[in-house]
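J.: Got a predicted structure here, sequence first:
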Amino acid sequence: CMQLSKKLGKVGVLVGNCRGFVGNRMFHPYVRESVFLLEEGASVQEVDSALYDFGLAMGPLAVGDLAGLDVGWRIRKEYRHLEKPGIRQPFAGDRLCEMGRFGQKTGAGWYTYDENRRAIPDPEVTALVRKWAAEAKIPQRRISREEIVDRCLYALVNEGARILEEGYALRSGDIDIIYINGYGFPAHRGGPMWYADAVGLKNVYNRVLEFHKQHGELWEPAPLLKQLAAQEKTFAEYSKEQPATP
């Protein structure tokens, strides 16, 4: 398979078979946090611009509109029975789908689109999300760009740490290759796991602990992140010293 990927001119990465494999399994909590941020008071443009300015090729909400919001909606419905009861789940995207707003293919999703598929901010979406949040009794607040970036990226990193520890990726560099080549992560940041190593895993772990305290069980730190932070080591060192079992 790896040889075939080269013949096709693709970048092949060997991973184990888990729900969402590596890329989409990490992408789920990334998108989850982007929608939570909307429900807590951030605007669509604020979330997308913060991640775009960080270096992502597109913001997470714009990606949803491009891929089709109904795709994620169908997946969430299919796997809802696997979610823990009582754990908060984002709902604003599902509500848009119920209205037939699937993204670019229907001319409206998080944004509206003109005949050239150019994204146009839609004040109706902002008003709807505020209304739904009020009905769900979710307090509204001003959210900083720093929090937007940290919550989305560290959701990626925390899930990536679980994947690495569970052996579905052989090394942290494989995860980074997937995200640079397949998910528009900025190459100059080195990929999500390399970026976390550069920030310092102790710093990342402490920030994840803050979010865990504020937002509950979904932010429980990955055991490997906790371990490496305590040892003042990196994900890259873990992959060299303790390669995961295929």
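T.: Sure, I can see it. Small disclaimer: the values here were computed from a predicted structure and weren't measured.
J.: The most centrally placed residue in the chain: which element?
T.: Centroid check for the chain by C-alpha atoms, centre = their mean gives Tyr30 as the closest residue, at 1.4 Å. Secondary structure from DSSP states H and E places Tyr30 in helix 23-39.
J.: in that helix, what's buried?
T.: Using 16 or more other C-beta atoms under 10 Å as the test for burial, helix 23-39 gives 23-39. For the C-beta atoms, the positions are set from N, CA and C on the backbone; glycine is no exception.
J.: what's the answer for stretch 48-66, then?
T.: 48, 50-52, 54, 56, 58-65.
J.: and if you look at stretch 65-79?
T.: Buried residues in stretch 65-79 (16+ other C-beta under 10 Å): Asp65, Gly68, Leu69, Asp70, Gly72, Trp73, Arg76.
J.: and if you look at stretch 209-223?
T.: The neighbour-count check on stretch 209-223 (16+ other C-beta under 10 Å) flags Leu209, Phe211, Leu218, Trp219, Pro221, Ala222 as buried.
J.: Looks like the second one contacts Leu153 (just checking).
T.: Read it as Phe211. No - assessed by C-beta atoms under 8 Å, Phe211 is found out of contact with Leu153, at 11.5 Å.
J.: on that earlier part again, could you dump the buried residues of stretch 209-223 into CSV and include secondary structure?
T.: Output for these, formatted as CSV (DSSP: H, G, I helix; E, B strand; the rest coil):
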residue, secondary structure
Leu209, helix
Phe211, helix
Leu218, helix
Trp219, helix
Pro221, coil
Ala222, coil
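J.: neighbouring contacts of the helix or strand hosting Asp176?
T.: Here Asp176, judged by DSSP H and E, is contained in helix 172-182. With C-beta atoms under 8 Å, 6 or more residues apart in numbering as the contact definition, helix 172-182 has outside contacts at 11, 13-15, 22-23, 26, 156, 160, 163-164, 169, 185-187, 190-194, 197, 235-236, 238-239.
J.: Could you check the angle whichever strand or helix holds Asn203 makes with helix 23-39?
T.: Element membership for Asn203, per DSSP H and E: helix 201-215. Interaxial angle, helix 201-215 versus helix 23-39 (axes from the mean of the first three to the mean of the last three C-alpha atoms, to 10 degrees): 50 degrees.
J.: what's downstream of helix 201-215, the next helix or strand?
T.: Using DSSP H and E, the next helix or strand after helix 201-215 towards the C-terminus is helix 223-231.
J.: could you dump the lengthiest helix in the chain to PDB, C-alpha only?
T.: For the chain, the helix with the greatest residue count under DSSP state H is helix 145-166. Written as PDB, here are the backbone C-alpha positions of helix 145-166 (Å, rounded to 0.1, in the frame of the first residue of the first chain):
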ATOM      1  CA  ARG A 145      -8.400  34.700  20.000                       C
ATOM      2  CA  GLU A 146      -5.900  33.000  22.300                       C
ATOM      3  CA  GLU A 147      -8.600  30.800  23.800                       C
ATOM      4  CA  ILE A 148     -10.000  30.000  20.400                       C
ATOM      5  CA  VAL A 149      -6.600  28.800  19.100                       C
ATOM      6  CA  ASP A 150      -5.700  27.000  22.300                       C
ATOM      7  CA  ARG A 151      -9.000  25.100  22.600                       C
ATOM      8  CA  CYS A 152      -9.100  24.000  19.000                       C
ATOM      9  CA  LEU A 153      -5.400  23.000  18.800                       C
ATOM     10  CA  TYR A 154      -5.000  21.400  22.200                       C
ATOM     11  CA  ALA A 155      -8.100  19.300  21.500                       C
ATOM     12  CA  LEU A 156      -6.200  18.000  18.500                       C
ATOM     13  CA  VAL A 157      -3.100  17.400  20.500                       C
ATOM     14  CA  ASN A 158      -4.800  15.700  23.400                       C
ATOM     15  CA  GLU A 159      -6.600  13.300  21.100                       C
ATOM     16  CA  GLY A 160      -3.300  12.800  19.200                       C
ATOM     17  CA  ALA A 161      -1.600  11.800  22.500                       C
ATOM     18  CA  ARG A 162      -4.300   9.100  23.000                       C
ATOM     19  CA  ILE A 163      -3.800   7.800  19.500                       C
ATOM     20  CA  LEU A 164       0.000   7.700  19.900                       C
ATOM     21  CA  GLU A 165      -0.300   5.900  23.300                       C
ATOM     22  CA  GLU A 166      -2.800   3.400  21.900                       C
END
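J.: Nice, that's everything, thank you.
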